[in-house]
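K.L.:
sequence first, then the predicted structure:
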Amino acid sequence: MIQLKAKQVSRSKIKTYSVESFRENYIQPEPRTDTLLKLDFGKFFTVKVEELIRLIKLPVPPIRSTNHTLIYLTDGEAVMTIGSDTYTIFKDECLVVPAGQVFSFTNVDLNQGYLCNFHNDIIIGKFGKAELLKDFEFLRVWGNPRIRLGEQTSGFVLPLFKRLLLEYTENGLTNLDIVQPYFIALLSEINRVYKPMSISPQTNAVMITNQFKELLFSNLRTHHRVTDYASLLNITPNHLNKSVRTITSKSPTKWIDEAIVLEAKVLLHQSTLSISNVAAEVGIFDASYFSRLFKKYEGITPLAFRQMIEKS
């Protein structure tokens, strides 16, 4: 099984991996298949899940990609954690990790399917338009990452993946006139069966919650209080608290705390900063409070977490 841990926020000292650096750091140098040899790992690539996963060096620590990642399974299952939520996807289902989200791999099971890693430019290039990015809610940080396609939609999606893989492995992005329309069609088929995170209609509470999540994504390092986000949204803290609880069953405070801890885990993996400096990087200047907060959610101290990483 795959386990992905994802997160959003402070970026000053956090290494943002391009897919090129992901390949250099976490892909086994051999054996290579012809497919993997041809991947340029730039603004777009697609590959069979089983080919990529068997070459991944574990563990892959919490990192974030500059591109979106889409995984579609034709067999098996994958268990993934994005943010603080865990998802299991099966045959005929997709999982999306939006650009900028933090993810990690811990375990790998045998499964089959396709993986696409892509930049927004592939969508809005020659034939696309910027509005498409708004239409594809699953590419937003507050979107529902798990998408159940069902048998009928999979019947439409699978040939598109196969065509993209064939074109890309043979010609890369040389024929973008072919790759882009097929890829937009693929995302559009997926979007047709996409269901938002909340089953509620687009109420005011849903809009407030989505806006809160986007603000949390970009302001965590400097905004840790519910009142901060309420002010940014021009609503009362009570209104924000009620809205977020209604839609997510979690308080804004818990969302903020979990985001801080996830960001700290990225820094503990990817930097040599001291514990106090890691705390400062996520906007906490009381190291003892930071350690208590981290232990509350992870069950161990930041120091013990780093030592565990070093031993793995």
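P.N.:
Cool, got the structure.
K.L.:
in stretch 230-240, what's buried?
P.N.:
230, 233, 235, 237, 240 (16 or more other CB atoms under 10 Å). Placement of C-beta: from N, CA and C, glycine included.
K.L.:
so for the fourth one, what's the pLDDT?
P.N.:
Just to be clear, that refers to Pro237. Note for Pro237: predicted pLDDT of 96.
K.L.:
and the residue nearest to it when sequence neighbours are not counted, which of the three is it?
P.N.:
Leaving aside its sequence neighbours, Pro237 sits nearest to Ala230 (CB to CB, 6 or more residues apart in numbering; 4.3 Å). The local conformation at Ala230, judged by DSSP: H, G, I helix; E, B strand; the rest coil, is helix.
K.L.:
pull the contacting residues for Ala230.
P.N.:
236-237, 239-240 (CB atoms under 8 Å, 6 or more residues apart in numbering).
K.L.:
which among the residues you listed gets closest to Glu167?
P.N.:
Leu240 (46.7 Å; CB to CB).
K.L.:
where along this structure do the strands fall?
P.N.:
Using DSSP state E, the strands assigned to the chain run over residues 16-17, 44-48, 60-65, 68-75, 78-82, 85-89, 93-97, 102-105, 112-118, 146-148.
K.L.:
direction included, what does the last one pair up with?
P.N.:
This means strand 146-148. Sheet pairing of strand 146-148 (DSSP bridges) gives strand 93-97 (antiparallel).
K.L.:
quick one: the partner strand to strand 60-65, angle?
P.N.:
Going by axes from the mean of the first three to the mean of the last three CA atoms, to 10 degrees, strand 93-97 is angled at 80 degrees with respect to strand 60-65.
K.L.:
what sits up against strand 93-97?
P.N.:
With CB under 8 Å, 6+ apart, strand 93-97 has contacts from 4, 6, 65, 68-73, 78, 80, 82, 87, 89, 103, 138-139, 143, 145-149, 190.
K.L.:
neighbours of the residue nearest to Gly100 when sequence neighbours are not counted, how many?
P.N.:
Nearest residue to Gly100, sequence neighbours excluded (CB to CB, 6+ apart): Arg64, at 5.8 Å. Neighbours of Arg64 under the rule other CB atoms under 10 Å: 23.
K.L.:
who's Arg64 bridged to?
P.N.:
Beta-bridge partners of Arg64, counted by DSSP bridges, are Thr16, Val102.
K.L.:
domain-wise, how is this protein divided?
P.N.:
When the chain is parsed with automatic domain parsing, its domains come out as 16-193, 204-311.
K.L.:
mean pLDDT lowest where, among the ones you listed?
P.N.:
domain 16-193 (a mean of 82).
K.L.:
so how far is it off the chain centroid?
P.N.:
On the basis of CA atoms, centre = their mean, to the nearest Å, domain 16-193 sits 11 Å off its chain's mean C-alpha point.
K.L.:
try stretch 299-312
P.N.:
The answer for stretch 299-312 is 23 Å, by CA atoms, centre = their mean.
K.L.:
same deal with stretch 257-266?
P.N.:
With CA atoms, centre = their mean as the basis, stretch 257-266 stands 14 Å off its chain's centre.
K.L.:
let's see that stretch as PDB, backbone CA atoms only.
P.N.:
Output of stretch 257-266 as PDB, limited to C-alpha atoms (Å, rounded to 0.1, in the frame of the first residue of the first chain):
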ATOM      1  CA  ASP A 257      -2.900  22.700  15.100                       C
ATOM      2  CA  GLU A 258      -2.700  19.700  12.700                       C
ATOM      3  CA  ALA A 259      -1.400  21.900   9.900                       C
ATOM      4  CA  ILE A 260       1.400  23.200  12.200                       C
ATOM      5  CA  VAL A 261       2.400  19.700  13.200                       C
ATOM      6  CA  LEU A 262       2.400  18.500   9.600                       C
ATOM      7  CA  GLU A 263       4.600  21.400   8.500                       C
ATOM      8  CA  ALA A 264       7.000  20.700  11.400                       C
ATOM      9  CA  LYS A 265       7.300  17.100  10.200                       C
ATOM     10  CA  VAL A 266       8.400  18.300   6.800                       C
END
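K.L.:
grab the nearest non-local neighbour of the residue positioned nearest the centre of the chain.
P.N.:
With distances taken as CA atoms, centre = their mean, the residue of the chain nearest its centroid is Val97 (2.8 Å). Counting by CB to CB, 6+ apart, Thr69 is the residue found nearest to Val97 once chain neighbours are left out, at 4.4 Å.
K.L.:
for stretch 120-129, measure first residue to last.
P.N.:
10 Å (CA to CA, to the nearest Å).
K.L.:
please apply the same query to stretch 293-310.
P.N.:
First-to-last residue span, stretch 293-310, CA to CA: 22 Å.
K.L.:
which among the contacts of strand 93-97 end up buried?
P.N.:
4, 6, 65, 68-73, 78, 80, 82, 89, 103, 138-139, 143, 145-147, 149, 190.
K.L.:
list the residues that contact the spatially closest residue to Gly143 that is not a sequence neighbour.
P.N.:
Spatial nearest neighbour of Gly143, excluding adjacent residues (CB to CB, 6+ apart): Glu137 at 4.5 Å. With contact taken as CB under 8 Å, 6+ apart, Glu137 is in contact with 143-144, 191, 194, 196.
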